[in-house]
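Engineer: Next input, structure requested:
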Amino acid sequence: MTAFATIRSIVGRPTVPLLAMLALVVAGCAQVGGPTLTFWDVIFSMVAFFFWFMLIWIFISIFADLFRRHDLSGVAKAGWLVLIVILPFIGALIYISMRPSDTFSGASGPSKRDEMLTPVDQEAKRAAADEMMRPPGG
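Structural biologist: Got it, this is the predicted structure:
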């Protein structure tokens, strides 16, 4: 069995179009940075822009998630920040893979404050909420 047949059996049928597209991209990217602005310069600039936009978005969301968490101490938060600043890609990947899935407590469930209320207080709170939601004059 030849190497091409082995690759084709692994990848499947669309091997030739994928290789042709890869060759076109490699040939086009070899032209990037020349004295004239080409189509591939624009594509490269767009990819670079979206890469940096994505990277900044990930860091902002990780920082927000980190400061929103109540299960970590201040030292642990500082440790994560140092790791993410010193090793940005590896630190972000480690944080995303290591964090628990229930760190975000949205508005869907009762808060700890509501759980501490007595049943009478909970009923009074529900009645006040119902009163606020009632349309005027109704």
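Engineer: OK, contacts around Pro100?
Structural biologist: Asp71 (C-beta atoms under 8 Å, 6 or more residues apart in numbering). Placement of C-beta: from N, CA and C, glycine included.
Engineer: and it, backbone torsions?
Structural biologist: phi -70, psi 150 (degrees, to the nearest 10).
Engineer: what helices or strands is the longest helix along the chain leaning on?
Structural biologist: Criterion DSSP state H: the longest helix present in the chain is helix 39-68. In terms of contacts (3 or more C-beta pairs under 8 Å, 6 or more residues apart in numbering; DSSP states H and E), helix 39-68 is packed against helix 15-29, helix 74-86, helix 88-98.
Engineer: rank those by mean pLDDT and give me the bottom one.
Structural biologist: Lowest mean pLDDT of the helices and strands packed on helix 39-68: helix 15-29, a mean of 66.
Engineer: Give the buried residues for the host helix or strand of Val120.
Structural biologist: Element membership of Val120 [criterion: DSSP states H and E] is helix 119-133. Buried residues in helix 119-133, counting neighbours by 16 or more other C-beta atoms under 10 Å, are absent.
Engineer: pLDDT of that helix, averaged?
Structural biologist: What helix 119-133 shows for mean pLDDT is 83.
Engineer: What residues sit buried inside stretch 57-67?
Structural biologist: Residues of stretch 57-67 classed as buried by neighbour count (16+ other C-beta under 10 Å): 58, 62, 66.
Engineer: Now do that stretch, average pLDDT.
Structural biologist: 90.
Engineer: quick one: the longest helix of the chain to helix 74-86, angle?
Structural biologist: Orientation note: helix 39-68 sits at an angle of 170 degrees relative to helix 74-86 (axes from the mean of the first three to the mean of the last three C-alpha atoms, to 10 degrees).
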